[in-house]
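[1] Sequence and predicted structure are below.
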Amino acid sequence: MSTALTSPAPASPRWLTCGIILAAVARHYGVTEKELKSTCRVNALALPRHAYFKLCRELLPPAGTSLSHIARQLRPDMDHTTVKHGIGRITDLMATDRRIAAPFEELRRQLQQQQGTEEQNQ
């Protein structure tokens, strides 16, 4: 009788979620999650909302990053074209304004570190 050595099944990585990203964006930009989910279009909310769109698109696994999925996680009545426009807008702004790019890059780095830490703990 032989005893076969088996390794445990690999743990599935704990990916970031839209909810985690939304909470981090709200804290980072000094707004509430409720405000981000609102229909208000003032710049003080539009910029963090666009950051949320871009971070979801860049950091979530491919299965959960459709523009429609990201939109529905914020508001059920939001259209995917709003997400597409927001990603394009913040990308353009980041290319020309370090005051927008630097805080966004810092938040992205923090979320990536959080994700990496969670994966290492698995």
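    Alright, I've got the coordinates.

[2] so how far is residue 31 from residue 89?
    17 Å (Cβ to Cβ, to the nearest Å). To be clear about C-beta, it is placed using only N, CA and C from the backbone, and glycine gets the same treatment.

[3] can you check residue 70 too?
    18 Å.

[4] who's more crowded, the two?
    The neighbour comparison of residue 70 against residue 31 (other Cβ atoms under 10 Å) goes to residue 70, with 26 against 17.

[5] Give me the helices and strands touching whichever strand or helix holds that one, please.
    Assigned by DSSP states H and E, residue 70 falls within helix 67-74. With contacts taken as 3 or more Cβ pairs under 8 Å, 6 or more residues apart in numbering; DSSP states H and E, helix 67-74 sits against helix 18-29, helix 43-59, helix 80-96.

[6] between that helix and helix 18-29, how big is the angle?
    For helix 67-74 against helix 18-29, the angle by axes from the mean of the first three to the mean of the last three Cα atoms, to 10 degrees is 70 degrees.
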